[in-house]
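Trainee: Predicted model follows, preceded by the sequence.
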Amino acid sequence: MDVPGDTYSTPDAAEGLTALRERIGDCQRCALGATRTKLVFGAGDPRARLMFIGEAPGRNEDLKGEPFVGAAGQLLDELLASIGLARSDVYIANILKCRPPGNRDPLPAETEECTPFLEEQVRVIDPVVIATLGNHATHFILETQRPIGALRGRLFHHRGRCIVPIFHPAAALYDRSKAEVLFDDFKRLKAVLDRVAENGRPCADGDQPKLF
Ligand code: URA
């Protein structure tokens, strides 16, 4: 993504991520370490202005070690393409780095153990915009329990970043009416990115949620 003033994250963001990956190692900090195939650290541009945060690896991600490579990932690619972006323009990570058995929801203890690594990724990449996909990511980042349906379509300012909550793409695989909402929300996301291109850090002015 060609954004003027793209000088926020440190030039050694890639090194920072490599060091973090090494620190995580063959993680056995929670029980998911015993059941995963591959740890899914995250992927994309270490200096991306836009970061997506999903929930946790599913079966395909667990096998490949990459986020969003299954059906939900295909839809994510289409959504990105609809606003002129490719995966290589953004960074994608998850709340959990290992697959919960049977794709169950992350447990609070797993989230607590794993998210310091996500927070470090956010610190190193220093994205201007974070798009949270679904309830888990949105609740974690915005420190709220309000349902995604009440938060999507709005722009939040949080810790100097723009937060754009969006339905999880997997939700549209079961409910096609959500696909339309997702494409609309990506248009809103593009509008935020356009503001970033014009103003640098449009959400740096406070922590108050604001209506889109
Ligand atoms: N769902 C997620 O939340 N993350 C992935 O990486 C894949 C599916």
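Mentor: Happy to help now that I have it.

Trainee: now the strands for the protein?
Mentor: Remark: strands assigned in the chain by DSSP state E are 43-44, 50-54, 91-94, 129-133, 156-158, 161-166.

Trainee: Of all those, which one is nearest the ligand?
Mentor: Nearest to the ligand, of all the strands of the chain, is strand 50-54, at 2.9 Å by Cβ to the nearest ligand atom. No exception for glycine: its C-beta is placed from N, CA and C like everyone else's.

Trainee: Quickly run through the sheet partners of the closest one, with directions.
Mentor: strand 91-94 (parallel), strand 129-133 (parallel) (DSSP bridges).

Trainee: Show residues contacting the last one.
Mentor: It stands for strand 129-133. Here strand 129-133 makes contact (Cβ atoms under 8 Å, 6 or more residues apart in numbering) with 49-55, 122, 138, 140-142, 161-169, 189, 192-193, 196, 203.

Trainee: Residues of the protein that sit close to the ligand?
Mentor: Residues of the chain lying near the ligand by Cβ under 6 Å from any ligand atom: 54-58, 61, 67-68, 72, 94, 170.

Trainee: and residue 66, how many neighbours?
Mentor: Using other Cβ atoms under 10 Å, residue 66 is surrounded by 18 other residues.

Trainee: per-residue pLDDT, it?
Mentor: pLDDT, residue 66: 98.

Trainee: so who does it touch?
Mentor: 40, 43.

Trainee: For it, what are phi and psi?
Mentor: Here is the backbone geometry of residue 66 (degrees, to the nearest 10): phi -130, psi 150.
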